[in-house]
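**Q** The sequence and its predicted three-dimensional model are supplied below.
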Amino acid sequence: MTIRDFLMLDLPPLLAALMAGATCGLLGSFLVLRRESLVGDALSHAVLPGIVLAFAITGARSGLPMLVGAMAAGLLAVVLISVVQRAARLDPGAAIGAIFTTFFAIGLVLMETTGARSVDLDLDCVLFGQLETLVWAQAEGLHSLVDPVALEGLPRQLGLLAGVGLVVAVVVAALWRPLKLICFDPGYAAALGMPSRALEFGLALLVAAAAVAAFESVGSILVVAMLVCPAAALRLMTDRYGAQVLGGAALGAALGGVGYALAGPVPAALGLDISLNAAGVIGTLGGVMVAVAALVRAGVRRARVVTA
Amino acid sequence: MTIAPPLSVSHLTVAYGERPAVWDVTWNAPTGLTAIVGPNGAGKSTLLKATLGLVPALSGEVRFFGRPLEEVRDRIGYLPQRASVDWDFPATALDVVCMARYPRMRWWGPVPRRHRDAARAALAQVGMEGFAERQIGKLSGGQQQRVFLARALAQDADLVLMDEPFAAVDAATEQAIVTVLRDLVAKGRHVVAVHHDLGTVPDYFSSVLLINARVFASGPVGEAFTNANIGATYGARLALLDQANVRAAEARAS
Amino acid sequence: MIAYNTAVVLLGCALLGLAAGTVGTFSLLRGRALVADAVGHAALPGVAIAALIVATLGGDPRSLPPLLAGAATAGVLGVLAVQALARTGRIREDAAIAIVLSSFYALGVAILSWLQTQPGAAQAGLSKFILGQAAAMRAEDAVVAASVAGVCLLVCLVMFQRLRAVCFDPDFCRMQGLGVQKVDLLLLGLLVLVCVAGLQAVGLILVVALLVLPAATARLLTFRLPRMLAISAVIGAVCGAAGAWVSALRPEVPTGAAVVLALAAVFTVALLLAPERGLLAQVYTHLRRRLAADTEHFLRAAWEAQEIAGAGPGTAGDRWAPIGAVAAARGWRIGRARRLAFWLAQRGLVARADGNVHLTPRGAAAARRAVRAHRAVEHHLLAAGATDIASADRLADLVEHGLPPEMAARLLPEPSALPASPHQLGERRP
């Protein structure tokens, strides 16, 4: 494999996997700590109608309208979940199940009826992700990395991912302590005069944004794996808040990178004729990671009991 | 000029749905150590939470040191009812105590040294300095309560509102808490605590508020904490209110 | 004329909906609604591996029973994985469900992508399990799915008492030694079976809706379990068949989406219009209650305005009272008082002229009742030890509307008595 092949075929999906993993992993800890993992699940499904409508209206798959549409749909879903939960006196799980399936179904039907389904936005992308289709046709060699003309040819999904990732990172850093407080003790946060409600909505918006940015590369269902698996694995490994949140981002990036490598490049380098869906491998790896962490933790505890 | 009381409440009414919890309470908290006492469901915690704006009040006005809450928030400390937090949360005892100082710090970056020192001092005050780096889930119930007390102390407030500080703690912790409360008062601070154990009121507190939805008596323990007043608070229910509530509940259920 | 195949598929989907509505009701009440989501997603690798094995053994990879067996196995593994993760204590059930559904599904995606690169037809048509395609179902597939659903339904009916007891009060059942764990396992088993039966028609992503939405709708409509089960089952059956019907007419619409949208439409209607828990009903009740209170307050203020003007207790009701005085007594803005006066005039309780109101005989009687109730409460509160009169007045305002006549009679036994107000009448402190 030449440098040119790597830059052209492997670099864009690798970057996408790394950035999606890091962004989702960073936000995942907040969801897991607030016991809202399923809100992440719901948001990743619920953004679909927003994406499809934005696509149908603008007629092109451009980043910003889709982002706005997805965030609007996500916010609506979060509001409806709380309305349904209160009015119908359902437990949160049932309310989530009722709303996200409805949104996802609306998205699927819109896709068929608005003609949004096309080469660009198809079901396979929603269901399986399409990391493999990200290519950098203009790459000719290492010098392309500093060539503005060639860089413009990078897939635009990368730009969206980078932008969302940056915003998420800045917001998490700037609101570090308020976020910690509303995860740990929302009542005390209110007693100290922190804007709890606004922070909670802000968090939901960030998750929706991350879900839509990652959606294009890993599909809408595997976003959940990226959100929850790194954070859950770290819950089993650390008692430090900083390690939990920042580690989530690192572990998410690692998950994306390693998963992508295992799906295609590594077997190819070993001369094996196996090529798997990268998003599938990333998600599977996430589950394996949590399972291993759980087993190690159980093992350590047993060892402690035996020695004690 | 008279000095404004640490906490003054006038015509405060709070209801959950149609269930009255606090009715038209007008009360000036005296200086020193004050207990809010009353039977279960008498609205003690609700009163405390309503003064802090944690539950919405239907009507009434609350002043701290003669000023609205927003202006003096940094002078008010709060110890919630034995916190319903996630004890597995990745936070150490020191982390939790530092939270008290969050309103005085930037929202990002490391915790400045002086705030960290203040938090350590608060931990030392409750005898928990040796557990600063311990994850909160790995402390005993009494130790956890002391950490939360330290958090209220670390707010360095002139008035500390406490919701059942003695609920479900061991005898040693109870004594430690009492010592801390007396220290606070000795330094000219004030404490208002919801309290459930009638037997210890005269030992621990200087003033008392007897409440069962509305105020039954208030004043220095020697004057207000009489058998007659206690009997009235615990025995005499507003039968009418109860029946109206039952009726409203029936109307909702049918 | 409906083709035989279509008819069988429609019937199959209806029976499936019936079973899902029933099992879904129990799982909703037991707080297990989203376990079905994990089970559904977890089925994908099971289906893929089963197809691979069948193809390797030389069988027909499209034959349904082995695929469903694979899905059921994977579904059970998924449930076990959720429980194992939750048992760590560190990972809550919500996170466990999210982990299991996403990673099992991912495994399925990876296997599918590998199958596609392999020679042979093992992967053919497997992706229809993801979103469901009732149109592609053959009659014998529908019969298989329907029999699984039928078995679930039967078990539910046989075990009804036990399931109800556990859903209603698990702690009591545990104390009675009723084997809560066994019943829970049974419920999970039924959940897996229904999910699996629904795979081909509704698809694994949306099958959870079939279990949640009918039950949630029924919960809005009734408080009684047998009725809730019946409503949920009927909604499930009708929407299941409707979805399959749409799919037969327009094969490009995923059946799962059609079923979910039908269910969601019913749910939305129920959410808005349900007689008691519906949003409109709640708003209506609230407004009606407020209007009733306002009416009593207005009439009482009009009565008292006349007392202030010199009418003795019990004789007021034959003078004109300025609307402005009523507004001032209640602390209302004048516009609100005028609107109320208009409304009361429509109901024949007052007459209006030149910004004044006059109580009609009916209005005077109602006003007298309101005044009596209010003062009865006030005097009672004062007797019971209320500290100050102003607070008794305000307290009485809040409770008097819930006061039954017999209690008013008990508080003021003298039937004709209308006591004087314990406090100064007139303008109200804001």
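**A** Received the coordinates, thanks.

**Q** Give the burial count for A:Leu285, as a bare number.
**A** 24 (other C-beta atoms under 10 Å in any protein chain shown). All C-beta spots, glycine's among them, are computed from the backbone N, C-alpha and C.

**Q** Can you pull out the low-pLDDT segments for the chain?
**A** Going with chain A. A:1, A:60-62, A:115-121, A:308 (pLDDT under 70).

**Q** Please refer instead to chain B.
**A** B:1-2, B:17-20, B:83, B:235-254.

**Q** Spatially central residue in it, please.
**A** Note on chain B: the residue nearest the mean C-alpha position is B:Met162, at 2.2 Å, using C-alpha atoms, centre = their mean.

**Q** so how far is the helix or strand encompassing that residue from its chain's centroid?
**A** In this assignment (DSSP states H and E), B:Met162 forms part of strand B:159-163. Distance, stretch centre to chain centre, for strand B:159-163: 4 Å (C-alpha atoms, centre = their mean, to the nearest Å).

**Q** Check what contacts it and list those residues.
**A** B:6-7, B:29, B:45, B:48-49, B:51-52, B:64-65, B:75-81, B:149, B:152-153, B:184, B:189-194 (C-beta atoms under 8 Å, 6 or more residues apart in numbering or on different chains).

**Q** can you tell me which of these are up against chain A?
**A** When contact is defined as C-beta under 8 Å from any C-beta of the partner chain, the contacts of strand B:159-163 meet chain A at B:Leu52, B:Tyr78, B:Pro80.

**Q** rewinding a little: mind listing the strands the strand holding B:Met162 pairs with, and their directions?
**A** strand B:76-79 (parallel), strand B:190-194 (parallel) (DSSP bridges).

**Q** Any idea how far the helix or strand that the last one is followed by is from the middle of the chain?
**A** Put plainly, it is strand B:190-194. Using DSSP H and E, the next helix or strand after strand B:190-194 towards the C-terminus is helix B:201-204. The chain centroid and the centroid of helix B:201-204 are separated by 16 Å under C-alpha atoms, centre = their mean.

**Q** Kindly report the same for stretch B:111-129.
**A** 21 Å.

**Q** Alpha carbons only: can I get it in PDB?
**A** As requested, the backbone C-alpha atoms of stretch B:111-129 are provided in PDB (Å, rounded to 0.1, in the frame of the first residue of the first chain):
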ATOM      1  CA  VAL B 111      -9.700  24.500  41.600                       C
ATOM      2  CA  PRO B 112      -7.700  27.400  42.900                       C
ATOM      3  CA  ARG B 113      -5.500  26.600  46.000                       C
ATOM      4  CA  ARG B 114      -7.400  28.900  48.400                       C
ATOM      5  CA  HIS B 115     -10.700  27.200  47.700                       C
ATOM      6  CA  ARG B 116      -9.000  23.800  48.000                       C
ATOM      7  CA  ASP B 117      -7.600  24.800  51.300                       C
ATOM      8  CA  ALA B 118     -10.900  26.100  52.500                       C
ATOM      9  CA  ALA B 119     -12.500  22.700  51.600                       C
ATOM     10  CA  ARG B 120      -9.800  20.800  53.400                       C
ATOM     11  CA  ALA B 121     -10.300  23.000  56.500                       C
ATOM     12  CA  ALA B 122     -14.000  22.300  56.300                       C
ATOM     13  CA  LEU B 123     -13.300  18.500  56.200                       C
ATOM     14  CA  ALA B 124     -11.000  18.900  59.200                       C
ATOM     15  CA  GLN B 125     -13.700  20.700  61.100                       C
ATOM     16  CA  VAL B 126     -15.900  17.600  60.800                       C
ATOM     17  CA  GLY B 127     -13.000  15.300  61.500                       C
ATOM     18  CA  MET B 128     -12.800  13.900  58.000                       C
ATOM     19  CA  GLU B 129      -9.400  15.300  56.900                       C
END
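
**Q** For burial, what's the neighbour tally of B:Arg116?
**A** 16.

**Q** Tell me who's in contact with the nearest residue to B:Thr92 once chain neighbours are set aside.
**A** Nearest residue to B:Thr92, sequence neighbours excluded (C-beta to C-beta, 6 or more residues apart in numbering or on different chains): B:Glu133, at 5.2 Å. Residues in contact with B:Glu133 (C-beta under 8 Å, 6+ apart) are B:Thr92, B:Ala93, B:Leu94.

**Q** ok but B:Glu133 is inside a helix, no?
**A** No - assigned with DSSP: H, G, I helix; E, B strand; the rest coil, B:Glu133 falls outside any helix and is coil.

**Q** how far away is it from B:Ala91?
**A** According to C-beta to C-beta, to the nearest Å, B:Glu133 stands 11 Å off from B:Ala91.

**Q** mind listing the strands for the stretch 101-250 of chain B?
**A** Taking DSSP state E, counting those that start in this stretch as the criterion, the stretch 101-250 of chain B carries its strands at B:159-163, B:190-194, B:207-212, B:214-220.

**Q** can you redo those strands as a markdown table with distance to C:Gly132?
**A** Output for the strands of the stretch 101-250 of chain B, formatted as a markdown table (distance: least, C-beta to C-beta, whole Å):
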| stretch | distance to C:Gly132 |
| --- | --- |
| strand B:159-163 | 52 |
| strand B:190-194 | 56 |
| strand B:207-212 | 59 |
| strand B:214-220 | 61 |
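
**Q** Please name whichever of those strands is nearest to A:Asp239.
**A** Of all the strands of the stretch 101-250 of chain B, the one in closest proximity to A:Asp239, counting by C-beta to C-beta, is strand B:159-163 (27.1 Å).

**Q** for the chain, what's the longest helix?
**A** Chain wasn't specified; assuming chain A. Once chain A is assigned using DSSP state H, the helix that runs over the most residues is helix A:278-307.

**Q** The intended chain is chain C.
**A** Longest helix in chain C, counting by DSSP H: helix C:279-308.

**Q** That one close to chain B?
**A** No - with C-beta under 8 Å from any C-beta as the criterion, chain B is not reached by helix C:279-308; the gap is at least 9.0 Å.

**Q** Any idea how far that helix is from the middle of the chain?
**A** 30 Å.

**Q** who touches residue 277 in this structure?
**A** Just so you know, I chose chain A. A:Phe128, A:Gly129, A:Glu132, A:Ala263, C:Val109, C:Ala110, C:Leu112, C:Ser113.

**Q** ah, no, chain C please
**A** A:Ala87, A:Ala88, A:Arg89, C:Leu220, C:Leu221.

**Q** Distance check, it against C:Arg164.
**A** Distance, C:Arg277 to C:Arg164, by C-beta to C-beta: 21 Å.

**Q** what does B:Asp95 give?
**A** 46 Å.

**Q** Equivalent analysis for C:Arg227, please.
**A** 13 Å.

**Q** what do you get for C:Ala244?
**A** 30 Å.

**Q** cool, C:Ala258 as well?
**A** 32 Å.

**Q** Between those two, which is the more surrounded one?
**A** Between C:Ala258 and C:Arg164, C:Ala258 has the larger neighbour count (other C-beta under 10 Å), namely 26 against 15.

**Q** does the closest residue to A:Met289 other than its chain neighbours belong to a helix or a strand, and which?
**A** Nearest residue to A:Met289, sequence neighbours excluded (C-beta to C-beta, 6+ apart): A:Ala233, at 4.9 Å. Element membership for A:Ala233 (DSSP H and E) is helix A:222-235.
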